[in-house]
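Peer 1: Requesting a structural model of the entry that follows:
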Amino acid sequence: MPTKREKVDFAARGRALAVLARMRNRGESLSEAARHEHTTLRSVRKHAGKQLERGASGRYSATRSDAARRDLNVLTYDGYAAVAVRSSKQAQLASQHLIAVGRFLRTGDAEWLKPFIGKRVGGVELITDPDRLQILADADLIKLDALYRNSPGRGRKK
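Peer 2: Predicted coordinates:
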């Protein structure tokens, strides 16, 4: 059973990973990204310091990718599967898949799913069957904000 301290560390680590994602995807500075993710520079350096590079000017930048372990929920044919990946690129692929699933469910356009045919994350194949996705959505089994296993999501569905 995790202690209170471990739960706090999971939350802080999650925010640090979110800061790295903002720095990589949006080009934000470390301080700007940390402010948006409601965390401190010290906390980010503590939990994700190996993924930060300090330039000659003293500014931090995020490395292009990292090998930090991430515990993810990956949407498969039978619902969510728990996987552990050691690559930011794999985590990004899982995230992009969930975004595409959400767009498919909103629009009904299966074109959003085509880039993920045959793709795997953590050894698990991503679901691209529109009929099966609709069945899972109708059964209320798809939560688009539940990518990370340590995070229960924000309660939104679809």
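Peer 1: so where's this structure shaky on pLDDT?
Peer 2: Scanning the chain for pLDDT under 70 picks out 1-8, 150-158.
Peer 1: quick check: domain ranges of it?
Peer 2: Listed domain ranges for the chain are 4-62, 70-138 (source: automatic domain parsing).
Peer 1: okay, those in JSON lines with mean neighbour count and distance to residue 149 next?
Peer 2: Where C-beta positions appear, they are placed from N, C-alpha and C, glycine not excepted. What follows is those, written out as JSON lines (neighbours: other C-beta atoms under 10 Å; distance: least, C-beta to C-beta, whole Å):
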{"stretch": "domain 4-62", "mean neighbour count": "16", "distance to residue 149": "10"}
{"stretch": "domain 70-138", "mean neighbour count": "16", "distance to residue 149": "4"}
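Peer 1: how about these in CSV, adding distance to residue 147?
Peer 2: Formatted as CSV, the domains of the chain follow (distance: least, C-beta to C-beta, whole Å):
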stretch, distance to residue 147
domain 4-62, 11
domain 70-138, 6
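Peer 1: So which of these is nearest residue 144?
Peer 2: Of all these, the one in closest proximity to residue 144, counting by C-beta to C-beta, is domain 70-138 (4.6 Å).
Peer 1: Distance-wise, check residue 95 relative to residue 145.
Peer 2: Residue 95 is 11 Å from residue 145, where distance means C-beta to C-beta, to the nearest Å.
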